[in-house]
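Visitor: any chance you could fold what I've pasted below:
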Amino acid sequence: MAPVVSKIFCSLHQTMLIIRKRPLVVNGGGFVVTNYTQRVLFTVDGCGTLGAEGQLLLRDGHGEPILFIRKKGGIVQALSVQNQWRGYLMDYEGVGNSVFSLREPKSYLTKNCKIKVSVEPKGKNSWEFEVQGSFAERACTIKDRRGNVVAQMGVQREIDAMASKDVYHVVVQPGYDQAFVVGIIAVLDNINGESTRC
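Guide: Now for the predicted structure:
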């Protein structure tokens with residue numbers, strides 16, 4: 001599998017990411033992603049920090065911005081049956097090229113629809129990944145077009161005695177881009193009105 005954000009975020013081994021929501025009053029909300037040794041791998045800032053609805057910023061463990069995610073707006077988007085999000089690489093000059101887009105069905109029109117994610121630039125297929133299940137219940141899976149599991153979310157009380165919807169884990173399969181997976185999780189968090197949303 002080719003990386004979406006960067007090959008430095010891909011591992012040869014299955015990786016468990018532990019996600020902890022930050023309170024809105026502390027650092028403007030968002031969440032922190034660690035490994036099992038509590039080393040910070042990523043942080044996600046939302047509206048509380050950025051001050052704008054529909055904008056998210058993914059940083060690496062050193063605090064360097066790596067992915068800017070924005071919800072598409074405008075009159076065309078308002079009339080569409082889907083909300084669209086785009087993820088852009090960050091570089092020393094600021095926001096760079098688009099690397100993925102996510103299409104979210106508007107819930108009042110469709111129920112139980114799967115969320116489609118496309119990698120940019122688009123190839124022959126209109127989508128490459130799909131989110132299935134319920135983010136709100138911390139029971140969802142990201143699969144590729146062939147049906148292979150990319151990442152699976154859950155809450156395991158054996159791992160963390162304080163496991164709840166504020167602390168959960170995502171298991172990323174070998175070879176897949178962890179920054180890309182966390183970017184999708186950030187959008188799902190915002191869609192569900194959680195820590196990245198004001």
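Visitor: low-confidence stretches in this structure?
Guide: In the prediction, the chain carries residues with pLDDT under 70 at positions 1, 25-27, 73-82, 94, 105-113, 121-126, 156-164.
Visitor: hmm, who's touching stretch 49-57?
Guide: Surrounding stretch 49-57, the residues in contact under the criterion C-beta atoms under 8 Å, 6 or more residues apart in numbering are 27-30, 44-47, 65, 67-71, 73, 90, 183, 186-187, 190, 196-198. Where C-beta positions appear, they are placed from N, C-alpha and C, glycine not excepted.
Visitor: make a PyMOL selection of the buried ones in the residues you listed.
Guide: Entered in PyMOL, the line below selects the buried ones among the contacts of stretch 49-57, by 16 or more other C-beta atoms under 10 Å:
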select buried, resi 28+29+30+44+45+46+47+65+67+68+69+70+71+90+183+186+187+190+196+197
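Visitor: in helices only, show me the contacts of stretch 49-57.
Guide: Helix and strand membership here follows DSSP state H; of the contacts of stretch 49-57, those in helices are 47, 183, 186, 187, 190.
Visitor: dump those to TSV, plus distance to residue 101.
Guide: TSV is the format used below for those (distance: C-beta to C-beta, whole Å):
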residue	distance to residue 101
47	20
183	11
186	14
187	10
190	15
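Visitor: tell me the one among those residues nearest to residue 14.
Guide: Using C-beta to C-beta, residue 183 is the member of these that lies nearest residue 14, at 19.3 Å.
Visitor: residue 146: neighbour count?
Guide: The burial metric for residue 146, expressed as a neighbour count using other C-beta atoms under 10 Å, is 6.
Visitor: buried residues in the longest strand belonging to the chain?
Guide: Of all the elements of type strand in the chain, the one with the most residues (DSSP state E) is strand 94-105. Going by neighbour count (16+ other C-beta under 10 Å), the buried part of strand 94-105 is 98, 99, 100, 101, 102, 103, 104, 105.
Visitor: for it, list the C-alpha coordinates in CSV.
Guide: Coordinates of each C-alpha in strand 94-105 appear next as CSV, following Å, rounded to 0.1, in the frame of the first residue of the first chain:
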residue,chain,number,x,y,z
GLY,A,94,1.9,26.3,4.6
VAL,A,95,-1.0,24.4,3.1
GLY,A,96,0.1,22.2,0.1
ASN,A,97,-1.5,19.7,-2.2
SER,A,98,-4.8,17.8,-1.4
VAL,A,99,-4.1,14.2,-0.5
PHE,A,100,-7.6,12.9,0.3
SER,A,101,-11.3,13.7,0.3
LEU,A,102,-14.0,12.3,2.4
ARG,A,103,-17.7,12.3,1.4
GLU,A,104,-20.1,12.2,4.3
PRO,A,105,-23.8,11.6,3.5
